[in-house]
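*Asks:* coordinates only, sequence not included:
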């Protein structure tokens with residue numbers, strides 16, 4: 001079953017919000033979900049579920065363990081870490097594609113956000129077909145300033161297990177590199193990238209972008 005959303009609906013059944021961590025994806029997804037009365041979910045939930053189940057994936061499940069199994073992971077080269085973030089998204093592409101198909105074909109709206117959502121997901125055949133009708137829309141949030149990413153990481157660490165400050169710098173550089181990779185890939189795929197700041201207008205800017 002597939003139909004076009006009514007005039008009183010925003011025009012999509014699946015809204016994908018990608019970008020590096022700390023870019024405001026989760027807050028934005030909740031805000032949009034509450035405003036529209038639509039559920040939201042984190043792509044990372046899929047990663048955790050497949051990792052716990054030790055499931056095999058078409059893109060390889062090894063990447064799903066990368067950031068959890070090594071307590072010193074943020075001491076590695078930022079370029080290696082960027083590539084690992086990309087590999088996580090690639091491993092999640094097939095499961096995310098299935099979720100997108102289901103929600104569009106059953107006319108069941110949802111907002112999906114997460115670092116594992118890559119621009120290439122929109123190039124997968126079934127997702128591209130549904131995006132062509134407007135049923136799937138996407139936006140990627142990327143902070144261009146690595147120092148702002150570092151500020152967000154430090155703020156997050158105050159609420160969780162703290163990292164060594166050198167690890168925070170490494171993580172910020174890796175996330176910045178990942179963001180730049182997303183920008184290049186989104187440009188190649190003709191997709192929207194938005195800078196999260198100023199935070200006060202982010203929801204409005206995203207709404208305009210996906211309209």
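*Replies:* Structure's in. What do you need? Note that the structure is predicted; figures quoted are calculated from it, not measured.
*Asks:* and residue 117, what is it in contact with?
*Replies:* Going by C-beta atoms under 8 Å, 6 or more residues apart in numbering, residue 117 touches 16, 17, 18, 43, 89, 92, 96, 138, 140. Any C-beta I mention is one placed from the backbone N, CA and C, and that applies to glycine too.
*Asks:* can you tell me the closest non-neighbouring residue to it?
*Replies:* Sequence neighbours aside, residue 18 is the residue nearest to residue 117 in space, at 3.5 Å (criterion: C-beta to C-beta, 6 or more residues apart in numbering).
*Asks:* A strand includes that neighbour, no?
*Replies:* Yes. Read with DSSP: H, G, I helix; E, B strand; the rest coil, residue 18 is one of the residues of a strand.
*Asks:* ok, and what's touching stretch 82-92?
*Replies:* Applying C-beta under 8 Å, 6+ apart, the external contacts of stretch 82-92 come out as 20, 43, 46-47, 50, 57, 59-64, 66-67, 115-118, 120-121, 174-175, 177-178, 181.
*Asks:* so which of the residues you listed are in helices?
*Replies:* 43, 46, 47, 50, 66, 67, 174, 175, 177, 178, 181 (DSSP state H).
*Asks:* and the pLDDT for the nearest residue to residue 180 once chain neighbours are set aside?
*Replies:* Nearest residue to residue 180, sequence neighbours excluded (C-beta to C-beta, 6+ apart): residue 142, at 7.7 Å. You'll see residue 142 listed with a pLDDT of 98.
*Asks:* returning to that earlier point: dump the ones in helices among the contacts of stretch 82-92 to JSON lines, plus pLDDT.
*Replies:* Listed next are the ones in helices among the contacts of stretch 82-92 as JSON lines, based on pLDDT from 0 to 100:
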{"residue": "43", "pLDDT": "94"}
{"residue": "46", "pLDDT": "91"}
{"residue": "47", "pLDDT": "90"}
{"residue": "50", "pLDDT": "89"}
{"residue": "66", "pLDDT": "91"}
{"residue": "67", "pLDDT": "90"}
{"residue": "174", "pLDDT": "97"}
{"residue": "175", "pLDDT": "97"}
{"residue": "177", "pLDDT": "98"}
{"residue": "178", "pLDDT": "98"}
{"residue": "181", "pLDDT": "98"}
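*Asks:* many thanks, have a good one.
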